[in-house]
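Student: please find the sequence and the predicted model below.
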Amino acid sequence: MAKEQSPSAVFKSYLDQYNLTAAKVAADIKLSQSSIRLLIGGKLKISIPIALRLAKYFGNKAEYWVGLQSAYELAESAKEPKLASILKAISRAKKQESKAPAAKAKAAPAKKGAKGGRKSGVKSRA
């Protein structure tokens with residue numbers, strides 16, 4: 001698996017590209033400065049609400065920010081020794097061959113009533 005760049009590193013690069021401070025971003029996207037500092041430090045994950053704010057602010061999509069976070073978490077989780085050994089022991093599921101479907105009986109078309117497709121005795125509400 002390719003090494004994923006941490007969401008905090010990507011966020012820091014955006015701050016550098018736009019010449020922004022944590023305080024400015026915090027005020028602009030209505031998030032606390034401590035949350036921004038935690039995000040920069042990699043101690044806060046990019047949640048859906050944060051992704052929506054960052055996407056609006058930087059003019060990209062929330063899926064981009066959520067995708068960064070997900071890809072990073074997947075890569076980091078796959079490195080955990082206990083999980084790695086569990087994953088190694090899991091074999092891939094195989095599709096079971098299903099029995100041949102029984103021949104379907106062709107449904108007979110419904111019989112129409114005597115008056116142009118209406119059942120006799122039923123009045124039209126037209």
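Tutor: Sure thing, it's come through. Numbering: from 1, shown residues only.
Student: pLDDT of the lengthiest helix in the chain, averaged?
Tutor: In the chain, ranked by residue count with DSSP state H as the criterion, the top helix is helix 62-79. Per-residue pLDDT over helix 62-79 has a mean of 96.
Student: the helices in the chain, which residues?
Tutor: Going by DSSP H, the chain shows helices at 7-18, 22-29, 33-40, 48-58, 62-79, 81-89.
Student: and these, which one's lowest on average pLDDT?
Tutor: helix 81-89 (a mean of 91).
Student: and that one, C-alpha only, in PDB?
Tutor: Once non-C-alpha atoms are left out, helix 81-89 reads as follows in PDB (Å, rounded to 0.1, in the frame of the first residue of the first chain):
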ATOM      1  CA  PRO A  81       0.600  -5.800  13.800                       C
ATOM      2  CA  LYS A  82      -2.400  -7.400  15.500                       C
ATOM      3  CA  LEU A  83      -4.800  -6.400  12.700                       C
ATOM      4  CA  ALA A  84      -2.200  -7.300  10.000                       C
ATOM      5  CA  SER A  85      -2.000 -10.900  11.400                       C
ATOM      6  CA  ILE A  86      -5.800 -11.200  11.500                       C
ATOM      7  CA  LEU A  87      -6.100  -9.900   7.900                       C
ATOM      8  CA  LYS A  88      -3.400 -12.300   6.800                       C
ATOM      9  CA  ALA A  89      -5.400 -15.200   8.200                       C
END
